[in-house]
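Novice: After the sequence you'll find the predicted model.
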Amino acid sequence: MGWEPMEPDYALCGMTNWVGSFDPIRFIYFMLATVLIPYPTYVFVATIFDWEHRAKRPARHYQDILHATSYGLIVFIFGNYAQTLK
C-alpha cells in the first residue's frame, strides 16, 4: 500500500534502443558532411573568388578539427542522428 514510482514507457516515447543506437558508419558520413568536406570547399571557393579569409597554421587546424569532432559527437549521440539518418 506504499508509494511506487512509475516506470517510464520507453516504447511510447520512441526511446526503446536509444542508448545503443550509435552507428560508426553513419557517424563517419555525418562528420564528412558537416566538418571535413565543407571547410576545404569554403577555402577553395574563397580562393577562387578572392574572398577574405584568414590563413591558419597547422596547430589551429588540428585544434579546430578536434573541437568540431567532439561537438559533432555530442550532437550525433544526443540528437539521435543514427536513427534520423536511416
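Specialist: Done, it's in.
Novice: Run through the residues that contact A46.
Specialist: Counting by Cβ atoms under 8 Å, 6 or more residues apart in numbering, A46 touches 52-53. Backbone N, C-alpha and C define where each C-beta goes, glycine included.
Novice: 6 Å instead, please
Specialist: Shown in contact with A46 (Cβ atoms under 6 Å, 6 or more residues apart in numbering): H53.
Novice: Give the buried residues for the helix or strand hosting it.
Specialist: Take DSSP states H and E as the rule and A46 turns out to sit in helix 38-48. Within helix 38-48, no residue qualifies as buried by neighbour count (16 or more other Cβ atoms under 10 Å).
Novice: Check what pLDDT the residue positioned nearest the centre of the chain gets.
Specialist: The C-alpha lying nearest the average C-alpha coordinate of the chain belongs to G72 (Cα atoms, centre = their mean; 2.8 Å). Looking at G72, its pLDDT stands at 88.
Novice: Just confirm it contacts Y29, I think it does.
Specialist: No: taking contacts as Cβ atoms under 6 Å, G72 lies outside contact range of Y29: 11.4 Å.
Novice: Break down the protein into its helices, ranges please.
Specialist: 10-13, 24-31, 38-48, 58-78, 81-84 (DSSP state H).
Novice: What's the mean pLDDT across the third one?
Specialist: The pLDDT scores in helix 38-48 average 89.
Novice: quick one: it to helix 58-78, angle?
Specialist: 130 degrees (axes from the mean of the first three to the mean of the last three Cα atoms, to 10 degrees).
Novice: send the alpha carbons of the helix holding A46 over as CSV?
Specialist: Listed next in CSV are the C-alpha coordinates belonging to helix 38-48 (Å, rounded to 0.1, in the frame of the first residue of the first chain):
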residue,chain,number,x,y,z
PRO,A,38,32.6,22.0,-46.0
TYR,A,39,35.8,23.7,-44.7
PRO,A,40,38.1,22.8,-47.6
THR,A,41,35.3,23.6,-50.0
TYR,A,42,34.9,27.0,-48.5
VAL,A,43,38.7,27.7,-48.6
PHE,A,44,38.8,26.6,-52.3
VAL,A,45,35.8,28.8,-53.2
ALA,A,46,37.1,31.7,-51.2
THR,A,47,40.5,31.5,-53.0
ILE,A,48,38.8,31.4,-56.4
